[in-house]
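Novice: got a predicted model here, sequence first, then my questions.
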Amino acid sequence: QVQLVESGGGLVQAGGSLRLACAASGRTFSSYGMGWFRQAPGKEREFVAVISWSGGMTSYADSVKGRTTISRDNAKNTVYLEMNNLKAEDTAVYYCAATVKFIATTAAMYGYWGQGTQVTVSS
């Protein structure tokens, strides 16, 4: 069982940066692949980034590649999402999620979800 709590969302101007954090409970955090997804109003939830249990492998959506970095600190049971050069289209609720898969980019592969944190980018 893993419980996830996101933080770090807020209002930021276009071109700015944010660092989201997701704190996990449970002793087995380091055995899960961790992903970030987002959902904008009226749209489906979409994949943003994922990191393997060791941090050795990552994958990003094309829409954020090159301006987003996912990382994790297994000693702190925390995964991060750093986003730079934010755009209005990045506005969404951002969710972190845990998967037993090594790497997964589809929401159905994730068994645990946080409640989300709102990111609003003003243009």
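Specialist: Ah, there it is. Bear in mind that the values here come from a model prediction, so they are computed numbers and not experimental data. Numbering: from 1, shown residues only.
Novice: okay, and the beta partners of the residue nearest the centre of the chain?
Specialist: Centroid-nearest residue in the chain, with CA atoms, centre = their mean: residue 36, separated by 2.4 Å. Per DSSP bridges, residues listed as beta-bridge partners of residue 36: residue 49, residue 96.
Novice: where does this protein dip in pLDDT?
Specialist: Along the chain, segments meeting pLDDT under 70 are nowhere present.
Novice: and the strands in it?
Specialist: Along the chain, the segments classed as strands by DSSP state E run 4-7, 10-13, 18-24, 33-39, 46-51, 58-60, 68-73, 78-83, 92-99, 112-113, 117-122.
Novice: between those strands, which one is closest to residue 106.
Specialist: Taking CB to CB, strand 46-51 is the member of the strands of the chain nearest to residue 106, at 6.9 Å. (Glycine included, C-beta is placed from N, CA and C.)
Novice: which residues sit in contact with residue 77?
Specialist: Shown in contact with residue 77 (CB atoms under 8 Å, 6 or more residues apart in numbering): 23-26, 29.
Novice: and it, how far from residue 87?
Specialist: Noted for residue 77: a distance of 30 Å to residue 87, by CB to CB, to the nearest Å.
Novice: same question, residue 45
Specialist: In terms of CB to CB, residue 45 sits 19 Å off from residue 87.
Novice: so what's residue 97 closest to, chain neighbours aside?
Specialist: Nearest non-adjacent residue to residue 97, counting by CB to CB, 6 or more residues apart in numbering: residue 110, 3.8 Å away.
Novice: surely that neighbour touches residue 103?
Specialist: No: taking CB atoms under 8 Å as the contact criterion, residue 110 and residue 103 are not neighbours in contact, 11.5 Å apart.
Novice: more crowded one of the two?
Specialist: residue 110 (22 against 15; other CB atoms under 10 Å).
Novice: residues in contact with residue 34?
Specialist: Contacts for residue 34 (CB under 8 Å, 6+ apart) come out as 22, 24, 50-51, 70, 72, 79, 96-99.
Novice: gap between it and residue 89?
Specialist: Using CB to CB, one gets 24 Å for the distance from residue 34 to residue 89.
Novice: please apply the same query to residue 75.
Specialist: Using CB to CB, one obtains 34 Å as the distance from residue 75 to residue 89.
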